[in-house]
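Asker: Sequence first, predicted coordinates after that:
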Amino acid sequence: MITAEEALQRLQEGNRRFVEGMAQNHVLGLRDRRHELVAGQEPFAILLGCSDSRVPGEIVFDQGLGDLFVIRVAGNIVAPSHIGSIEFAADRFGTRLVVVLGHSCCGAIEATIDELERETGARSPNLRAIVDRIRPAVQGLLESDLRNDREALMREAVRANIRHSVDRLHYGSEILEHLIDKEGLMIVGAEYSLETGEVDFFYNLPVEE
């Protein structure tokens, strides 16, 4: 088992390779690796990311089979099943890093802002469940001067939603709280830039001494 700090560094290095076009070729030796994983897995990081097709976690972090335990849902929201999945991986595999990965120009965020600006009531109950989980993170922004600058509003809303999801995980599970307090679990927030491919880890990072 590697520490959360080591896992974070591994992700940062992988993203750097991805951005520089130097990603490792995981196709080579793939069959052998697949056979190794039949007996079990030891993912070094848990990733709660958006379902957006442009942000596949394994690719943007240049990781291969068995490296990441990935949960993807529109808007990288936190629902009970997502908390349970993270509890399972952290407890079963000893994984000590959880990353909530949002991204620029997120459609789920935009849809939520649209809904808050003009309540349509036309969305299905399932889509509304996503909007309702993003709503608390962005509601206050629409009551600020940002409402007059759509681009800035979107930027801030994406980050506010990431922070909200991190906090929901941090304080919404006794199991995760215990692992944070006693076992070195770390839950951090990050944003992927569709424009540059870079991942900015910006929230709840360890304090450098």
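Answerer: On my side now, so go ahead. What you are looking at is a predicted structure, and each value in this text was computed from that prediction instead of being measured. Numbers count the residues shown, from 1 in each chain.
Asker: Run the chain-centre distance for the longest helix anywhere in the chain.
Answerer: Taking DSSP state H as the assignment, the helix of the chain that covers the most residues is helix 150-171. Taking CA atoms, centre = their mean, to the nearest Å, one finds helix 150-171 lying 11 Å from the centre of the chain it belongs to.
Asker: Give the buried residues for the following helix or strand past it.
Answerer: The C-terminal neighbour of helix 150-171 among helices and strands, as given by DSSP states H and E, is helix 174-183. Burial within helix 174-183, assessed by neighbour count using 16 or more other CB atoms under 10 Å, is assigned to 176, 179, 180. All C-beta atoms are positioned from the backbone trio N, CA, C, and that covers glycine.
Asker: Repeat that for stretch 108-119.
Answerer: 108, 109, 110, 111, 112, 113, 115, 116.
Asker: is it true that the fifth one touches residue 139?
Answerer: No: counting by CB atoms under 8 Å, residue 139 is not a contact partner of residue 112; they are 9.2 Å apart.
Asker: Would you map the strands across the protein?
Answerer: Taking DSSP state E as the test, the strands found in the chain are 45-49, 68-72, 97-103, 186-192, 199-203.
Asker: What is the neighbour count of the closest residue to residue 170 other than its chain neighbours?
Answerer: Take residue 170 and drop its neighbours on the chain: the residue closest to it by CB to CB, 6 or more residues apart in numbering is residue 187, 5.4 Å away. Counted with other CB atoms under 10 Å, residues neighbouring residue 187 total 24.
Asker: quick one on the thing from earlier: may I see the strands of the chain arranged in JSON lines, with distance to residue 150 and mean pLDDT as well?
Answerer: Putting the strands of the chain into JSON lines (distance: least, CB to CB, whole Å; pLDDT from 0 to 100) gives the following:
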{"stretch": "strand 45-49", "distance to residue 150": "24", "mean pLDDT": "98"}
{"stretch": "strand 68-72", "distance to residue 150": "26", "mean pLDDT": "98"}
{"stretch": "strand 97-103", "distance to residue 150": "17", "mean pLDDT": "98"}
{"stretch": "strand 186-192", "distance to residue 150": "18", "mean pLDDT": "98"}
{"stretch": "strand 199-203", "distance to residue 150": "21", "mean pLDDT": "97"}
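Asker: With distance to residue 4 added, can I get these in CSV?
Answerer: As requested, the strands of the chain are exported to CSV (distance: least, CB to CB, whole Å):
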stretch, distance to residue 4
strand 45-49, 9
strand 68-72, 14
strand 97-103, 4
strand 186-192, 4
strand 199-203, 12
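Asker: for those, which one sits closest to residue 30?
Answerer: Comparing the strands of the chain against residue 30 with CB to CB, the closest turns out to be strand 68-72 (15.6 Å).
Asker: Report the inter-axis angle for that closest one versus strand 97-103.
Answerer: For strand 68-72 and strand 97-103, the angle between their directions (axes from the mean of the first three to the mean of the last three CA atoms, to 10 degrees) works out to 40 degrees.
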